[in-house]
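*Asks:* fold the following and give me the result.
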Amino acid sequence: MDTGTPITVAAAGYPSLDQALQDHESLWRARQEGTFHHSALAVLVQRSDGTFRIEREDNSARSLVWGDALLVGALFVLLPRVSLRMLSLTEPDGRSAIVRHFHRHIGLDDLVTAAGLLDSSRFGLVAVVVNRTRTQVTSQLGHADRVHAVDLTWGDLENGLRGDLIAPLTEIVLVTT
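*Replies:* Next up is the predicted model:
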């Protein structure tokens with residue numbers, strides 16, 4: 001992937017589950033417009049004990065080895081209070097590379113704002129969209145009370161993914177003579 005390819009990570013809060021699901025559908029349909037890109041989306045419902053459940057999830061990158069890592073990586077950095085209990089980064093599937101990339105390229109203020117938005121919302125939407133800008137993504141989230149989205153680029157993510165996906169395999173190679 002080109003190092004300049006944009007990635008948008010967005011968090012949105014909603015007054016109702018129906019409104020979150022409507023924006024999920026709007027953003028999911030928009031993936032077909034223009035040049036090819038990947039979208040990973042999750043509608044979240046916060047339980048009374050502060051934990052979250054995923055009500056709906058879609059991911060156009062699912063067929064790629066690292067595809068599920070797009071959404072898992074975003075959930076990990078945006079839900080720090082619950083992610084350490086819910087999400088493992090030990091699988092060689094690109095999760096660690098994506099989490100590292102998000103932590104390096106999304107400012108702390110943006111992470112805190114997006115995490116706070118989700119934490120204070122009963123219903124939320126998390127989106128990671130490759131090859132779309134923040135403006136293109138947020139224009140699809142018309143039912144949200146609040147939205148916080150960040151633009152970053154693909155940058156050195158390819159190298160990080162390569163390291164996460166290839167390094168574990170090279171460690172288990174047995175050479176006999």
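*Asks:* kindly provide the distance from residue 5 to residue 80.
*Replies:* Remark: distance between residue 5 and residue 80 (C-beta to C-beta, to the nearest Å) = 26 Å. (Each C-beta comes from the backbone N, C-alpha and C, glycine too.)
*Asks:* if you could redo that for residue 93, that was the one I meant.
*Replies:* For residue 93 relative to residue 80 (C-beta to C-beta), the value is 20 Å.
*Asks:* for stretch 104-112, buried residues please.
*Replies:* 105, 106, 110, 111 (16 or more other C-beta atoms under 10 Å).
*Asks:* and that stretch, end to end?
*Replies:* Length of stretch 104-112, first residue to last, C-alpha to C-alpha, to the nearest Å: 14 Å.
*Asks:* okay, buried residues for stretch 12-22 please.
*Replies:* 12, 13, 14, 19, 20, 21, 22.
*Asks:* C-alpha coordinates for that stretch, PDB please?
*Replies:* Provided in PDB are the C-alpha atoms of stretch 12-22 (Å, rounded to 0.1, in the frame of the first residue of the first chain):
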ATOM      1  CA  ALA A  12     -19.100   8.700  17.500                       C
ATOM      2  CA  GLY A  13     -21.700   8.800  20.300                       C
ATOM      3  CA  TYR A  14     -25.500   8.400  19.800                       C
ATOM      4  CA  PRO A  15     -28.600   8.900  21.800                       C
ATOM      5  CA  SER A  16     -30.100   5.700  20.500                       C
ATOM      6  CA  LEU A  17     -29.100   2.300  19.100                       C
ATOM      7  CA  ASP A  18     -31.200   2.900  16.000                       C
ATOM      8  CA  GLN A  19     -29.300   6.100  15.100                       C
ATOM      9  CA  ALA A  20     -26.000   4.400  15.600                       C
ATOM     10  CA  LEU A  21     -27.100   1.500  13.300                       C
ATOM     11  CA  GLN A  22     -28.300   4.000  10.700                       C
END
